[in-house]
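Trainee: Give me a 3D structure for the following:
(one chain, ligands or ions: 2)
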Amino acid sequence: MVKLNTIAVIVAAGRGSRAGAGGPKQYRLLAGQAVIARTVEAFLGHPDIDGVRVIIHRDDRDEYDAAMGALLKHRKLLDPVTGGAERQDSVRLGLESIIANHPSRVLIHDAARPFIDQKTITRVINALDTADGAIAALPVHDTIKREGADKKIAATVPREALWRAQTPQGFHFDKILAAHREAEGKVLTDDAAVAEAAGLSVTLVPGSPDNMKLTQAQDFGMAETLLGRKDKKMEYRTGHGYDVHAFEEGNAVILCGVEIPHEKKLKGHSDADVGMHALTDAILGAISEGDIGDHFPPSDPKWKGAPSHVFLEKARDLVARAKGKIAHCDVTLICEAPKIGPHRDRMRAALALILDIDERRVSVKATTTEQLGFTGRREGIAAMATASVALPVSE
Ligand SMILES: Nc1ccn([C@@H]2O[C@H](COP(=O)(O)OP(=O)(O)OP(=O)(O)O)[C@@H](O)[C@H]2O)c(=O)n1
Ligand SMILES: C[C@](O)(CO)[C@H](O)COP(=O)(O)O
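Mentor: Ligands and ions are numbered 1, 2, ... in the order given. Here you go, the predicted model:
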């Protein structure tokens, strides 16, 4: 079993009884996307998360598959496992299910908190350098009353030092697994409480007011409003990329991640995947992050023979870091041969997989130059690409 250093365990086995009709809340749609897909996507997109395990109810496999759609193919997503009667049981079963991956850190998160942001995830992970556990939380600002008999106030509770716990809650894996095993049968409402019961040190890091848990039916209305606000603040940027590689002696070319037998190969410092290079530059262009040579200097021997997915992954991660989303990309390969048509769908699938987006958001086309110019003389292959990226509007 492959080692995954940091795993996110997303608990999604609840029934959502407080959220009213409409089935388990994690499978309901928010602005056209299932709550659970939104939540899981945030963790898949974080560069320090190596794997994501979702814990689902035993009856929900079909709903889970439908809700996740293209995300099911994401290389970081592990197969879901079945949870238990209470949240605490689901977390424990989730932890047991990843033992073979030997994680050193685990982040536990509610599927019902779809507005988790990258910065909060990073804060929780970083805090684990100096504590057994760390949770996202918000200080209490309202005055807190304790209820007595007949709805009368029994006391005003000093609010200094009071925090509202959110998720993710992160821990050193071995310690939280032992703590959860020890806590089996006790009723504790979050993983920090499980850790505290085991004597672990758990630190508080700032969460986000947007990181609400969908609990009551009316929370869905608030969530739609929040999304409307967020979406309005996005804008589209477009980038363009162009690349050329010459042919040399060989018997196959690699184009958009697909190896195609050919009478020649493409010459280059890396694997010379001209399509992927053009696309990488297009994405970097859309986020104004320079070009492929800035990030992977050809003078650096480290990149000699490198597979080009490394370049594209870097561009993808930079988009995620900028809180952006790749909306669409379009690659045109320019050559007389080899024929691109028979390989186009595999190319689209390969690019979509690397970019973690639906295949429908990736287009690959080809053209010849009617035997004119260097491509017409079959001296090499050129590629052009455009990428549209949705980015938060900078204030
Ligand atoms: N047996 C359970 C109960 C809850 N959860 C998950 O824990 C998170 C937080 O729990 P909560 O908001 O209480 O969800 P539900 O249990 O689904 O809601 P309710 O209590 O209203 O039924 C949710 O993502 C939920 O799916 C879980 O994995 N297994
Ligand atoms: C873990 C939690 O999200 C922290 O706020 C919360 O306690 C879980 O939900 P529940 O409604 O208390 O089950």
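
Trainee: for the stretch 51-200 of the chain, what spans make up the strands?
Mentor: Assigned strands in the stretch 51-200 of the chain, in chain order: 51-56, 81-82, 105-110, 133-139, 144-147, 153-157, 163-172 (criterion: DSSP state E, counting those that start in this stretch).

Trainee: which of the ones you listed is buried the deepest?
Mentor: Highest mean neighbour count among the strands of the stretch 51-200 of the chain (mean count of other Cβ atoms under 10 Å): strand 105-110, with a mean of 27. C-beta here means a position set from N, CA and C on the backbone, and glycine is covered the same way.

Trainee: Now that strand: average pLDDT?
Mentor: On average, the pLDDT along strand 105-110 is 98.

Trainee: helices or strands next to that strand in the packing?
Mentor: strand 6-12, helix 35-44, helix 87-97, helix 118-127, strand 163-172, helix 173-183 (3 or more Cβ pairs under 8 Å, 6 or more residues apart in numbering; DSSP states H and E).

Trainee: So for residue 285, which of the strands of the stretch 51-200 of the chain sits nearest?
Mentor: strand 51-56 (29.7 Å; Cβ to Cβ).

Trainee: For ligand 1, what is the nearest residue in this structure?
Mentor: residue 14 (2.0 Å; Cβ to the nearest ligand atom).

Trainee: Give me the nearest residue to residue 220, chain neighbours excluded.
Mentor: Excluding the flanking residues, the one nearest residue 220 by Cβ to Cβ, 6 or more residues apart in numbering is residue 214, at 6.4 Å.

Trainee: Quick one: residues contacting that neighbour.
Mentor: By Cβ atoms under 8 Å, 6 or more residues apart in numbering, the residues touching residue 214 are 16, 19, 25, 35, 112, 113, 114, 220, 223.

Trainee: The second one reaches residue 220, doesn't it?
Mentor: So the one you mean is residue 19. Yes. Under the criterion of Cβ atoms under 8 Å, residue 19 is in contact with residue 220, at a separation of 7.4 Å.

Trainee: joint contacts of those two?
Mentor: Joint contacts of residue 19 and residue 220 (Cβ under 8 Å, 6+ apart) are 25, 28, 214.

Trainee: longest single helix anywhere in this protein?
Mentor: helix 218-232 (DSSP state H).

Trainee: between that helix and helix 35-44, how big is the angle?
Mentor: Going by axes from the mean of the first three to the mean of the last three Cα atoms, to 10 degrees, helix 218-232 is angled at 50 degrees with respect to helix 35-44.

Trainee: How far off centre is the lowest-mean-pLDDT helix or strand in the chain?
Mentor: The weakest-scoring helix or strand in the chain, judged by mean pLDDT, DSSP states H and E, is helix 218-232 (a mean of 84). Remark: helix 218-232 is offset 21 Å from the chain centroid, using Cα atoms, centre = their mean, to the nearest Å.

Trainee: Beyond that helix, next helix or strand please.
Mentor: strand 234-249 (DSSP states H and E).

Trainee: Which neighbouring elements make contact with the least confident helix or strand of the chain?
Mentor: So helix 218-232, by 3+ Cβ pairs under 8 Å, 6+ apart, packs with strand 29-30.

Trainee: Remind me what the strand it packs on packs against, helices and strands.
Mentor: Right, strand 29-30 is packed against helix 218-232 by 3+ Cβ pairs under 8 Å, 6+ apart.

Trainee: Need the residues that contact the helix it packs on.
Mentor: 19, 25, 28, 30, 31, 114, 115, 210, 212, 213, 214.

Trainee: can you check stretch 62-78 too?
Mentor: 7, 12, 23-24, 26-27, 34, 36-37, 40-41, 44, 49-54, 56, 80, 98, 101, 352-353, 356-359.

Trainee: Also stretch 246-257?
Mentor: Contact partners of stretch 246-257, identified using Cβ under 8 Å, 6+ apart, comprise 259-267, 271-276, 279, 308-309, 331, 333, 338, 340, 343, 347-348, 350-351, 354, 364, 378-381, 383.

Trainee: So which of those are in helices?
Mentor: Reading helices off those with DSSP H, I get 274, 275, 276, 279, 309, 347, 348, 350, 351, 354.

Trainee: Ligand 2 contacts on the stretch 51-200 of the chain?
Mentor: 87, 110, 165, 166, 167, 189, 190 (Cβ under 6 Å from any ligand atom).

Trainee: Could you pull up the contacting residues of the residue lying closest to the second one once chain neighbours are set aside?
Mentor: In other words, residue 110. Using Cβ to Cβ, 6+ apart and skipping the chain neighbours, the partner closest in space to residue 110 is residue 167 (4.9 Å). By Cβ under 8 Å, 6+ apart, the contact list for residue 167 reads 108, 109, 110, 113, 116, 135, 136, 190, 191.

Trainee: Would you agree the second one is in contact with residue 38?
Mentor: The one in question is residue 109. No. Here residue 109 does not reach residue 38: they are 11.9 Å apart, not a contact under Cβ under 8 Å.
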